[in-house]
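**Student:** Next input, structure requested:
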Amino acid sequence: MTDPTPHAVPARRSAREIITLVSDSSTFTELPYPIVEFKADGPLSWQGYDASRARAAARTGEEESVVCGTARIGGTPAVLIVFEFGFLGGSLGERTGDRLELAYEHARTHRLPVVPLVATGGSRMQEGMLALTQLQRVARQSALTREAGLPQIAVLRDPTTGGGWATLGAGADVVLALPGAQVGFAGSRVRPADADPAAYTAEAQVAAGAADAVVRPEALRETLARWLWLLSVGDRSTEAAPPPPSLATESLPATGWDAVQRARSPQRPRAEAYLDAYFTRRTAISGDRCGGTDAGMACGFGELAADGRTVAYAAQLGTATRPAGYRTAARLIRLADRLGIPVLTLVDTPGAANDADAEREGAGAAIADLFGAVAAARTPVTTLLIGEGGSGGALALAAPGNTWATPDSYFSVIAPELAAAILKRPEGEVEATADQLRIRPQDLVELGVVRGIVELGNPETGNSGPWSRLGHKG
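**Tutor:** Residues are numbered from 1 along each chain as shown. Here you go, the predicted model:
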C-alpha cells in the first residue's frame with residue numbers, strides 16, 4: 001500500500017509540459033475543436049468574464065482549460081485529455097464540455113483508450129449552473145466509452161478537486177496520481193476550517209481505496225504504457241486462462257487433517273509465488289472505491305508467460321478476506337469482463353473476516369457482490385485453489401465449473417475445528433471431523449467440486465498444468 005503521508009507538492013506543469021512528459025516524441029496531434037460563438041461575458045453576462053479569459057489565454061497560450069488530442073504512449077495510441085490549470089484554474093465551462101465530448105467521441109470512433117490528465121478546481125463560477133451541468137455531459141461520455149469496451153486511465157495532478165475529480169478522475173477504470181497532489185471533492189477554499197489537510201492528498205486517496213497508485217513523474221510514461229498495453233493492446237483471446245501448475249508437492253494428503261496441515265504450512269507456496277511464475281509482468285489495481293483496501297487481496301492485470309496474452313487476476317493471500325477485498329475483486333472482474341479479458345482467481349483464505357468491523361463494513365453485501373460478479377461474468381474465469389478454502393469467504397472467488405486444486409490445498413464448508421464445535425464434539429474429534437467433511441483435493445474431484453488437481457510443471461511451456469489424477473486432462 002502506498003504511504004499515506006503526504007509528500008511535498010511538486011511544481012505544477014502546464015498542459016503542454018504534461019503532454020511532453022507522457023507521450024512519445026512528436027506524436028501528439030491536437031483535435032480540431034468545434035467553433036461555437038458565445039455572447040459577451042458568457043451565458044450569465046458575468047461582467048469581466050471575457051477579459052479574464054483573455055488574460056488566461058495570454059498567460060498560458062491556450063484558448064480553453066483543456067487540451068485534447070491523440071498521441072502514442074509507449075507505442076500505444078490513445079486519446080489524451082489534458083487540463084491546463086493556469087487557465088482559470090482548469091475549471092470546466094461549456095466550451096470545456098464541448099472539447100471533452102469531442103475527445104470521447106473520437107476515442108469511440110477510432111477504438112482508442114482515453115487518458116485524462118486532470119488538474120482542475122471544479123466548475124466555472126462565471127457560467128453558473130450551465131458549467132455544473134457539463135459534469136453530466138462528461139459522465140455520459142465516460143459511460144458510453146465504458147460500454148464500448150474502451151479503458152479509461154486517469155492521472156490526478158495538482159489539484160484535482162470538485163466535479164473533475166468526481167467524473168474524469170474517480171470515474172476512470174484505473175486511477176493514478178502524482179505524489180503530493182491535492183485530491184478531493186472539496187477544494188481548499190470550501191472545506192471545513194478544521195479539516196485535516198492530509199485527507200485531501202493523492203496518498204490519502206490511495207490509502208482509502210479511491211485511487212490505485214501514486215506514480216512519480218519520471219515513471220509516469222512507463223506506467224501508462226504498461227497499463228495501455230495490458231488493457232488495450234495485449235492479445236484479446238477469449239479462451240479461458242489455464243490454471244497454473246503446482247509449485248510444491250505432487251503427493252496427495254492421506255487424511256483430511258493432513259490436507260489442513262499442509263494447506264496451513266508456512267512453507268507452502270503462496271499467491272505471490274504463483275503470480276510471479278504465471279506472468280512475465282503485471283500491474284496492480286488497489287481499493288474498492290468505497291473507502292477501503294485489503295492487503296490480503298491482490299488484484300490486477302498481467303502478461304501471461306506462456307503466450308503473452310493479458311489475463312486479469314484476483315488472488316487471496318492467505319489471510320481472512322475483508323469486505324474491501326471482496327469489493328476490489330468484484331471491481332476487477334467487472335472491468336475484465338467489460339474489456340473482454342479472461343480472469344484467473346487464486347483461492348487461499350481461512351474464510352471471510354468475521355470481526356465486528358467487518359460486519360460494519362458490509363461483509364455479507366460485499367461477498368454477495370463478488371458472488372454476483374463471478375456468476376454474471378461473460379469472460380471466462382479460471383480458479384486455482386492453492387491453500388485454504390474456508391467456507392463461503394473462499395467460494396465467492398471460485399469459478400463454477402472451472403475450479404482446480406493443488407495437492408496442498410483443501411476446501412471445506414467450514415474449518416474442521418469450527419465444524420466440531422458446532423456439532424458439540426470434543427476437541428479430540430477434530431481430525432475425524434476433517435475426514436468426514438471430505439475436504440482433500442482428491443475428495444473434491446470425486447464430489448465434482450473441482451475439475452482436477454494440477455501437477456508440478458513449467459508455467460512457461462504449459463507442461464503438466466491442468467490435470468486430474470481422477471479425471472482427464474483439459
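
**Student:** Name all residues that make contact with the closest residue to residue 264 other than its chain neighbours.
**Tutor:** Distances taken as Cβ to Cβ, 6 or more residues apart in numbering place residue 388 nearest to residue 264, at 6.6 Å, with adjacent residues excluded. All C-beta spots, glycine's among them, are computed from the backbone N, C-alpha and C. By Cβ atoms under 8 Å, 6 or more residues apart in numbering, the contact list for residue 388 reads 260, 263-264, 318, 348-350, 394, 409-410.

**Student:** same check, this time on residue 25
**Tutor:** No residues are in contact with residue 25 under the rule Cβ under 8 Å, 6+ apart.

**Student:** For it, which three-state class applies?
**Tutor:** coil (DSSP: H, G, I helix; E, B strand; the rest coil).

**Student:** Need phi/psi at it.
**Tutor:** Phi and psi for residue 25, reported as degrees, to the nearest 10, are phi -50, psi 130.

**Student:** List the ones among the contacts of residue 388 that fall in helices.
**Tutor:** 260, 263-264, 394 (DSSP state H).

**Student:** Compare the residues you listed and tell me which is most surrounded.
**Tutor:** residue 263 (26 neighbours; other Cβ atoms under 10 Å).

**Student:** Save the contacts of residue 388 as a markdown table, and put in pLDDT and distance to residue 177 too.
**Tutor:** Formatted as a markdown table, the contacts of residue 388 follow (pLDDT from 0 to 100; distance: Cβ to Cβ, whole Å):
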| residue | pLDDT | distance to residue 177 |
| --- | --- | --- |
| 260 | 95 | 42 |
| 263 | 94 | 38 |
| 264 | 95 | 38 |
| 318 | 96 | 29 |
| 348 | 98 | 30 |
| 349 | 97 | 30 |
| 350 | 95 | 34 |
| 394 | 97 | 33 |
| 409 | 96 | 38 |
| 410 | 95 | 41 |
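
**Student:** Looking at these, spot the one nearest residue 39.
**Tutor:** Checking these against residue 39 with Cβ to Cβ, the nearest one is residue 349 at 61.9 Å.

**Student:** picking that back up, ok, so what distance separates the residue nearest to residue 264 from residue 408?
**Tutor:** Distance of residue 388 to residue 408, computed by Cβ to Cβ, to the nearest Å: 10 Å.

**Student:** Can you check which residues contact both of those two?
**Tutor:** With Cβ under 8 Å, 6+ apart as the test, residue 388 and residue 408 both reach residue 263.

**Student:** Restricting the selection to alpha carbons, write the lowest-mean-pLDDT helix or strand in the chain to PDB.
**Tutor:** One helix or strand of the chain scores below all others by mean pLDDT, DSSP states H and E: helix 416-422, with a mean of 87. C-alpha atoms of helix 416-422 as PDB (Å, rounded to 0.1, in the frame of the first residue of the first chain):
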ATOM      1  CA  PRO A 416     -12.900 -28.600  10.900                       C
ATOM      2  CA  GLU A 417     -12.400 -27.000  14.300                       C
ATOM      3  CA  LEU A 418     -15.400 -24.900  13.900                       C
ATOM      4  CA  ALA A 419     -17.400 -27.800  12.500                       C
ATOM      5  CA  ALA A 420     -16.600 -29.900  15.500                       C
ATOM      6  CA  ALA A 421     -17.600 -27.000  17.800                       C
ATOM      7  CA  ILE A 422     -20.900 -26.500  16.000                       C
END
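
**Student:** and the next element down the chain from that helix?
**Tutor:** Per DSSP states H and E, helix 416-422 leads on to helix 430-437 as the next helix or strand towards the C-terminus.

**Student:** mind showing which ranges of the stretch 351-474 of the chain have poor pLDDT?
**Tutor:** For the stretch 351-474 of the chain, applying pLDDT under 70 flags the ranges 457-474.

**Student:** oh, I was asking about the stretch 151-300 of the chain
**Tutor:** In the predicted model of the stretch 151-300 of the chain, residues 234-236 satisfy pLDDT under 70.

**Student:** Please enumerate the helices of it.
**Tutor:** 162-164, 202-207, 220-228, 256-264, 271-278 (DSSP state H, counting those that start in this stretch).

**Student:** Ok, which of the ones you listed comes nearest residue 453?
**Tutor:** Counting by Cβ to Cβ, and looking across all of those, nearest comes helix 256-264 at 11.6 Å.

**Student:** list the helices and strands that closest one packs on?
**Tutor:** Applying 3 or more Cβ pairs under 8 Å, 6 or more residues apart in numbering; DSSP states H and E, one finds that helix 256-264 contacts strand 381-390, strand 410-412, helix 416-422, helix 430-437.

**Student:** Need those in JSON lines (columns: distance to residue 131).
**Tutor:** Formatted as JSON lines, the helices and strands packed on helix 256-264 follow (distance: least, Cβ to Cβ, whole Å):
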{"stretch": "strand 381-390", "distance to residue 131": "43"}
{"stretch": "strand 410-412", "distance to residue 131": "55"}
{"stretch": "helix 416-422", "distance to residue 131": "57"}
{"stretch": "helix 430-437", "distance to residue 131": "62"}
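
**Student:** can you tell me which of those comes nearest to residue 334?
**Tutor:** strand 381-390 (11.7 Å).

**Student:** Next, the distance between the ends of stretch 194-214.
**Tutor:** 26 Å (Cα to Cα, to the nearest Å).

**Student:** Tell me how many other residues crowd residue 265.
**Tutor:** With other Cβ under 10 Å as criterion, residue 265 counts 12.

**Student:** what's the answer for residue 238, then?
**Tutor:** 10.

**Student:** got it, and residue 155?
**Tutor:** So residue 155, with other Cβ under 10 Å, has 28 neighbours.

**Student:** next one: residue 395
**Tutor:** The criterion is other Cβ under 10 Å. On that basis, residue 395 has 20 neighbouring residues.
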